[in-house]
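A.B. asks: Let's see this in three dimensions:
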Amino acid sequence: MTKKILAILFILAYLGLLGVLYFNVNSDAAYPNKPVTIVVHSKPGSAIDLMSRKVAEIARKYSKEPFVVENRPGTQGIVAMQYVVDRKADGYTLLGVTKSFLSTLIVNKSDVSISDFSFLAKMISDPEAIITNKKRGFNTIFDVVEDAKKHKQNWIGPGTGSRDHLMAIKTWKKLGIEAEWVDYKSGPQSILAMMRDEAPIYVGNPADITGKKDLKIVALAAKVRHKGLPDVETFKERGIDLVESMWRGFAFKKGTPEQAVKYMSDVLEKVSKDQEWEDYCESVYAFSDYTPPIEFSRQVESESTETVELLKNAGLLNSYIKKGVLPLWAVAILIWAVIVFGLLILFRFDIKKINFNILLAGFFMWVAAFFYYQTMLFDIPEGLNITSPALIPRIWSIALFIFSIWNIYNEIKGRNKPYKPGNIKLVSKILIVLLLYFILIPQVGYFLSTPVFLLTSMYILRYRNWWIMIINAFGFVLFSYLVFELLLKIDLPLGRLLM
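C.D. replies: Numbering: from 1, shown residues only. Down below sits the predicted model:
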């Protein structure tokens, strides 16, 4: 009787948890009723991080609940974007967005896309700047043009396909010059290179020269001069129609309630009119440029189309995969045939000697050879300054191939323990259920898939005490929520299909 009562209590508690997670049973209070998290894709101290923290600081004047900045760096913003997409669209998770995300999403071809987000507000426009070392003697953009006609120039900056790279390409076209882009991987490395006078031009933003007396800006891609840089002229002043900036702002996951969108856009508009915000923008040599949701979304859509064209023209949207002489399925069959024939020759066509261990080693040899072949199809342009993506897969493929040969050698020498058959059907069922569990977690979430997985596994293992099974399955989920969500503040996936 005690087990039955406990099992029912666990089920009720579990249903209550689902109500909180998926059906907003605790959302009667007006939005917001808890802190709002701003997710930033870079480490503390970056431009988007500093902007987000300043917004969070000023927003305390206008919001009922505080804003909390959370850094989730990795993969040029994909990690942060995926995190927000995996969260519930309830208005409590904001993504700090920059114009660089447009290139990132297009080039990386990840599961995340622009359409996953509802763009809330653009807050700031950070104009692109053409920066040089004072030793070069460039005073205007036309001095750069004259030098380009005499010498081959290397322009440097962080990232191939980045906004700075695309700005360089647009500048070359406008100026009618040719130059080569050299990727220095990060802004700080690029700036250090400029201070060492390793290149004539660095493409970045005005704040990059702060505290660096050896560097100067020769042209700013802004509509007007910046108050903090009264001596720096714009391209437009020299008759060159080039306005380009790195905007920064915020976005919600698509599907966020209109109540949250309106409330948050109102707060951000008030922040943009605050004198403290104006002072901040001036201090980082950027322009306060609040743009509301509809206009901001249109701008993002327009610039996404432009970015695709720029990347295509720069040759940066290649698939980087060559076509093989044979289709992959034919290569897979051919490699397997070669390995099987090799094993038959090795054992003089005595099939009885080819036991399970040797077949397993042969299978892993096939896996290693097949994946190694696929790395031979990678086609990375010579000018692209990146580590070859084939390197790590080849190392693992070679190691697996050698390990498999070593196992076959030990089998021939009788060093391996004799193979003992086990309950293959039971193991297969567990593996299939485990595979389905891993597939279901991203789709329907941890909290729905886990009790099903645990109950199914116990049933397959021939356990039939249903009350204990229920206590274990639902109790484990409740325990996971308590430990990970409440104590450790680690979010478990809720699933794409139900959010």
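A.B. asks: correct me, but residue 334 touches residue 324?
C.D. replies: No: under the criterion of Cβ atoms under 8 Å, residue 334 makes no contact with residue 324, lying 11.1 Å away. The way it works is simple: take the backbone N, C-alpha and C, and place the C-beta from them, glycine included.
A.B. asks: Quick check: residue 252 is in a helix.
C.D. replies: No: per DSSP: H, G, I helix; E, B strand; the rest coil, residue 252 lies outside any helix segment and is strand.
A.B. asks: And the pLDDT for the closest residue to it other than its chain neighbours?
C.D. replies: Leaving aside its sequence neighbours, residue 252 sits nearest to residue 118 (Cβ to Cβ, 6 or more residues apart in numbering; 4.7 Å). Per-residue confidence (pLDDT) for residue 118: 92.
A.B. asks: Ok, residue 391 next?
C.D. replies: 78.
A.B. asks: what's the answer for residue 319, then?
C.D. replies: At residue 319, pLDDT is 56.
A.B. asks: Was I right to think residue 67 contacts residue 32?
C.D. replies: No: at 9.7 Å, residue 67 does not count as touching residue 32 under the criterion of Cβ under 8 Å.
A.B. asks: does the residue nearest to residue 252 sit in a helix, a strand or a coil?
C.D. replies: Criterion first, three-state DSSP; result for residue 118: strand.
A.B. asks: same question, the one 5 residues further on
C.D. replies: The three-state label given to residue 123 by three-state DSSP is strand.
A.B. asks: quick one: contacts for it?
C.D. replies: If a contact means Cβ atoms under 8 Å, 6 or more residues apart in numbering, then residue 123 has 51, 55, 248-250, 268, 271-272, 288-290 as its contacts.
A.B. asks: Identify, from these, the entry nearest to residue 174.
C.D. replies: Set against residue 174, the nearest of the contacts of residue 123 by Cβ to Cβ is residue 289 (22.4 Å).
A.B. asks: excluding its backbone neighbours, what's nearest that closest one?
C.D. replies: Using Cβ to Cβ, 6+ apart, the nearest residue to residue 289 is residue 125, at 4.0 Å.
A.B. asks: could you say what helices and strands the helix or strand of the chain with the lowest mean pLDDT packs with?
C.D. replies: Within the chain, no helix or strand scores below helix 100-108, which has a mean of 79 by mean pLDDT, DSSP states H and E. On a contact count with 3 or more Cβ pairs under 8 Å, 6 or more residues apart in numbering; DSSP states H and E, helix 100-108 meets helix 78-86, helix 163-175, helix 293-313.
A.B. asks: Other residues contacting it?
C.D. replies: Counting by Cβ under 8 Å, 6+ apart, 75-78, 81, 112-114, 159, 161-163, 166, 246, 300, 303-304, 307-308, 311, 316-317 sit against helix 100-108.
A.B. asks: Kindly report the same for stretch 361-377.
C.D. replies: 321-324, 328, 331-332, 335-336, 339-340, 343, 389-390, 393-394, 396-398, 400-401, 403-405, 407-408, 411.
A.B. asks: Out of those, which end up buried?
C.D. replies: 331-332, 335-336, 339, 343, 390, 393-394, 397, 400-401, 404, 407-408, 411 (16 or more other Cβ atoms under 10 Å).
A.B. asks: Out of the residues you listed, list just those in strands.
C.D. replies: Secondary structure assignment by DSSP state E places none of these in strands.
A.B. asks: Identify the residue with the minimum pLDDT among these.
C.D. replies: residue 390 (74).
A.B. asks: Verify the stated contact: that one with residue 378.
C.D. replies: Yes: Residue 390 lies in contact with residue 378 (Cβ under 8 Å); the separation is 4.8 Å.
A.B. asks: on that earlier part again, nearest to residue 278, out of the helices and strands packed on helix 100-108?
C.D. replies: Among the helices and strands packed on helix 100-108, helix 293-313 sits nearest to residue 278 (Cβ to Cβ), with 19.6 Å.
A.B. asks: Just give me how far the closest one sits from the chain centre.
C.D. replies: Mean-position distance between helix 293-313 and its chain equals 19 Å (Cα atoms, centre = their mean, to the nearest Å).
A.B. asks: So which elements touch it?
C.D. replies: Going by 3+ Cβ pairs under 8 Å, 6+ apart, helix 293-313 lies up against helix 100-108, strand 117-127, helix 163-175.
A.B. asks: Could you list the residues in contact with that helix?
C.D. replies: Contacts with helix 293-313, where a contact means Cβ under 8 Å, 6+ apart, come from 99, 102-103, 106-107, 114, 118-122, 161, 166, 169-170, 247, 249, 261, 265, 291, 317.
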